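**Q** only geometry, no sequence info:
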């Protein structure tokens, strides 16, 4: 799977995510965390972003999620220029079009598994509307997604979130990220709390669900074992024009 | 919106131990605040009701406060008697609508015995200008008859037609029993919520007979304790009081009861204010506890905030969520506090009345209590703003996932 070669017609206007000369410097820091970074992500594409810890991978995810604002350079997600949007508008874009999976502790322990799954449509009217347009009731859609990921609410029964294994929690988190068909999934080291067997099972499930839903996936990890599951792999060094 | 409210409630319930303790502290502090306010307003209402339609109280020279306390509240004694001739003189005054003699100083089983005339019942209704309401029977007519206040009847265990013996002197223990002079209960007054409920009312003649032992009737030379005057027009009270206070034969004191009472209550008001300020401070302390609890919980809720943030929750949403929690807690505490005070009053009213004569007519939460509740909510909003702001800010600083 070569970089970009699958998309002969790609261009800035067609890319789902498009960063040009993106730089970010934490307030008070002497050196920028990211500088002159360029990245393009096509719709439906699964990309692994590799890099050593502390290089700014999580910072990049925060920028793409619209939580942080770039110091300079351009950043568009789904055709929306994040530079031109207010914090509130970016929050809304994130709620509607972006699903996020953390390393762990994705679920709120005081809510049931189903309520955790349904959280995104409570926060975003757009997701709610997209789901309503499919004609599938939210509970059914959530169960379908969970099945795609190899879990079932019926099988889990009334178990509390805390009673799930970490692998199961990550699958529920992935199902939640995908509910309401966001166009982009951001995953921050989603397998680092899993052993190799669970890691492979989770990635297969995630990749399968992502492909089935047609969402783009950007996954951050330091683990080279993840590479086979993705269309291509990029590193922060290369994205930043060979910065040492 | 409703999803956020559910989320706030679920998050509070998930921390039910700290939430419960906080709710307890807030509820008790609110109950104290409302309780002090309730007692304050009830004491005032009851005190003014006790004065009723009396426009002027006349007695031998003493302090107006002494006169008021002795005649209306049975507190303290009037040491100098008032010649009954004064009543005759004042009754013919053109502005005097009624002049009711009172003879005080006796008791039955600790209940004050008041000697007066049957007209007393026609004039001293608790809503001014009306006759007193009876729950059974009617006014006494002769010197063998007695009328009991509602509480007096209950405490003595007497009903209509029962016999009652008088004793001389104030106090529960009588030293002069007159078993040979029993009086018949002819009237039971309806409860009024005033000291009247504890009174045993007899005619002046009956009281005199009890003192003298013999069957000597009342005479013009007889002494009474004080006179209650009703005036028409009522505004004549000021002028008549000034005139009576100047008179030297015999030296008299005329007290305007409403005015004297207002003076006494103003003096009591300082104590009330201290109580109110203290109870308000207790609420502030409880809210400070809530603030401390919320601040302490922020660290353990960092993940929760990061998850909500990732789901699209912005600064205003997190602010709203945390403020909602503070307001939910305080709102619940206010409701529980009000319930505690009003429910408690309903339960404790009978005991309180028999102990103090204070009949609490609880009309439910008042406008003032509403204001206090709003004040507490406003304070809760203010104290909830700090943790809400800190949490929302940190969620922004943390980026997508907290570094921990």
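**A** Structure received. Computed from a predicted model, the values in this text were never measured in an experiment. Numbering: from 1, shown residues only, chains lettered A, B, ... in the order given.
**Q** C-alpha only now, for contacts and for neighbours.
**A** Noted.
**Q** residue in chain A nearest to chain B?
**A** residue A:95 (3.8 Å; CA to the nearest CA).
**Q** Neighbours of that residue, how many?
**A** When counting by other CA atoms under 10 Å in any protein chain shown, one arrives at 29 neighbours for residue A:95.
**Q** Doesn't it lie inside a helix?
**A** Yes: with DSSP: H, G, I helix; E, B strand; the rest coil as the criterion, residue A:95 is part of a helix.
**Q** In the stretch 201-350 of chain B, which residue sits nearest chain A?
**A** Using CA to the nearest CA, residue B:312 is the residue of the stretch 201-350 of chain B that sits closest to chain A, at 3.8 Å.
**Q** Return the set of buried residues in the helix of greatest length in chain A.
**A** Assignment by DSSP state H gives helix A:196-213 as the longest helix of chain A. The neighbour-count check on helix A:196-213 (16 or more other CA atoms under 10 Å in any protein chain shown) flags A:199, A:200, A:202, A:203, A:205, A:206, A:207, A:209, A:210, A:213 as buried.
**Q** Mind listing residues that contact it?
**A** Residues from elsewhere that reach helix A:196-213, judged by CA atoms under 8 Å, 6 or more residues apart in numbering or on different chains: A:44, A:46, A:145, A:148-150, A:167, A:170-171, A:174, A:178, A:181, A:191, A:216-217, A:226, A:229-230.
**Q** Take those and keep only those in helices.
**A** Short answer: the contacts of helix A:196-213 in helices (DSSP H) are A:145, A:148, A:167, A:170, A:171, A:174, A:178.
**Q** biggest separation within the residues you listed, which pair?
**A** Longest distance between any two of those is 16.8 Å, between A:167 and A:178; criterion CA to CA.
**Q** Counting neighbours, go ahead and name the busier of the two.
**A** Remark: of residue A:167 and residue A:178, residue A:178 carries more neighbours, 29 against 19, as counted by other CA under 10 Å.
**Q** what's the closest non-adjacent residue to the more buried one?
**A** Residue nearest to residue A:178 in three dimensions, not counting chain neighbours: residue A:99, with 6.2 Å by CA to CA, 6 or more residues apart in numbering or on different chains.
**Q** Over to residue A:120?
**A** Leaving aside its sequence neighbours, residue A:120 sits nearest to residue B:311 (CA to CA, 6+ apart; 5.7 Å).
**Q** Would you mind measuring from the one you found to residue A:42?
**A** 22 Å (CA to CA, to the nearest Å).
**Q** Give me the more crowded residue out of those two.
**A** Using other CA under 10 Å, the more surrounded residue of residue B:311 and residue A:42 is residue B:311, with 25 against 22.
**Q** ok, now how distant is the more buried one from residue B:191?
**A** Counting by CA to CA, the gap from residue B:311 to residue B:191 is 64 Å.
**Q** For residue A:108, give me its contacts.
**A** Residues in contact with residue A:108, defined by CA under 8 Å, 6+ apart, are A:116, A:161, B:304, B:307.
**Q** Domain-wise, how is chain B divided?
**A** Listed by automatic domain parsing, the domain ranges of chain B are B:2-48+B:269-397, B:56-255.
**Q** For residue B:335, list the residues it contacts.
**A** Applying CA under 8 Å, 6+ apart, no residues contact residue B:335.
**Q** what pLDDT, on average, does the helix or strand harbouring it get?
**A** Assigned by DSSP states H and E, residue B:335 belongs to helix B:315-356. Average pLDDT, helix B:315-356: 86.
**Q** chain center to it, what's the gap?
**A** Helix B:315-356 sits 21 Å away from the centroid of its parent chain (CA atoms, centre = their mean, to the nearest Å).
**Q** For the next helix or strand after it, name the packing helices and strands.
**A** Using DSSP H and E, the helix or strand that directly follows helix B:315-356 along the chain is helix B:367-397. With contacts taken as 3 or more CA pairs under 8 Å, 6 or more residues apart in numbering or on different chains; DSSP states H and E, helix B:367-397 sits against helix B:16-51, helix B:257-300, helix B:302-310, helix B:315-356.
**Q** Same list, those, but as JSON lines with distance to residue B:79 please.
**A** What follows is the helices and strands packed on helix B:367-397, written out as JSON lines (distance: least, CA to CA, whole Å):
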{"stretch": "helix B:16-51", "distance to residue B:79": "22"}
{"stretch": "helix B:257-300", "distance to residue B:79": "19"}
{"stretch": "helix B:302-310", "distance to residue B:79": "75"}
{"stretch": "helix B:315-356", "distance to residue B:79": "24"}
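**Q** Out of these, which is closest to residue A:235?
**A** helix B:302-310 (23.9 Å).
**Q** can you list the residues of chain A near chain B?
**A** Residues of chain A lying near chain B by CA under 8 Å from any CA of the partner chain: A:58-59, A:61-62, A:65, A:67-68, A:87-88, A:91-96, A:99-100, A:102, A:105-108, A:110-111, A:119-120, A:122-124.
**Q** Narrow these to just the buried residues.
**A** A:58-59, A:61-62, A:65, A:67-68, A:87-88, A:91-96, A:99-100, A:102, A:105-108, A:110-111, A:119-120, A:122-124.
**Q** As TSV, the domains of chain B with distance to residue A:35 would be great.
**A** Shown next, in TSV, are these (distance: least, CA to CA, whole Å):
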stretch	distance to residue A:35
domain B:2-48+B:269-397	20
domain B:56-255	82
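**Q** Now do the same contact list for residue B:5.
**A** By CA under 8 Å, 6+ apart, the neighbours of residue B:5 are B:321, B:324.
**Q** buried stuff in the helix or strand in which it is found?
**A** Using DSSP H and E, residue B:5 falls within helix B:2-14. Buried residues in helix B:2-14, defined by neighbour count with 16+ other CA under 10 Å: B:4, B:7, B:8, B:9, B:10, B:11, B:12.
**Q** Out of the helices and strands packed on helix B:367-397, which gets nearest to residue B:57?
**A** Residue B:57 lies closest, by CA to CA, to one member of those: helix B:257-300, at 6.8 Å.
**Q** could you give the angle of that closest one to helix B:315-356?
**A** If you take axes from the mean of the first three to the mean of the last three CA atoms, to 10 degrees, helix B:257-300 sits at 140 degrees to helix B:315-356.
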